[in-house]
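Q: This is a predicted model, with the sequence first.
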Amino acid sequence: MAENKEQLDRLVDDVKRIRDELEVQMHLAAAEAKDEWSGLEKKWQRFRGRLDSVGKVAEDAAEDVGEALDQLGSELKKGYERIRSML
């Protein structure tokens, strides 16, 4: 009987320890995701601003701007996918 109680106590201790560790990791992951989101929002605003200006530039310059937009868009997509994997 005492042996079963000791096993149960060890199990409870192990579960509590794992739970506490995960709780800290979840908090840190949430903070990391928020930081990532904040940086991506700044890039999103730049992206939208540049996208709006593409229609206003000459055709020869539009190709260069289009390449830059493509690169920035790819960075945004990867960043948002990183956040999705954190959640």
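A: Received the coordinates, thanks.

Q: What is the neighbour count of Leu40?
A: 19 (other CB atoms under 10 Å). The way it works is simple: take the backbone N, C-alpha and C, and place the C-beta from them, glycine included.

Q: give me every residue that touches the nearest residue to it once chain neighbours are set aside.
A: What sits nearest to Leu40 in space, not counting adjacent residues and going by CB to CB, 6 or more residues apart in numbering, is Gly79, at 4.5 Å. Neighbouring residues of Gly79 by CB atoms under 8 Å, 6 or more residues apart in numbering: Glu36, Gly39, Leu40, Lys43.

Q: I would like a ChimeraX command selecting only the buried ones among the residues you listed, please.
A: This is the ChimeraX syntax for the buried subset of these, where burial follows 16 or more other CB atoms under 10 Å:
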select :40
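
Q: ok, of the contacts of Gly79, which one's closest to Ser85?
A: Comparing those against Ser85 with CB to CB places Glu36 closest, at 10.5 Å.

Q: is it true that the closest one touches Arg84?
A: No: contact between Glu36 and Arg84 fails when scored by CB atoms under 8 Å: they sit 10.4 Å apart.

Q: just the helices in this structure please.
A: 2-54, 59-86 (DSSP state H).

Q: could I get those helices as a markdown table with mean pLDDT?
A: Formatted as a markdown table, the helices of the chain follow (pLDDT from 0 to 100):
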| stretch | mean pLDDT |
| --- | --- |
| helix 2-54 | 86 |
| helix 59-86 | 77 |
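
Q: quick revisit: show me which of the contacts of Gly79 is closest to Gly73.
A: For the contacts of Gly79, the nearest to Gly73 is Lys43 (9.4 Å; CB to CB).
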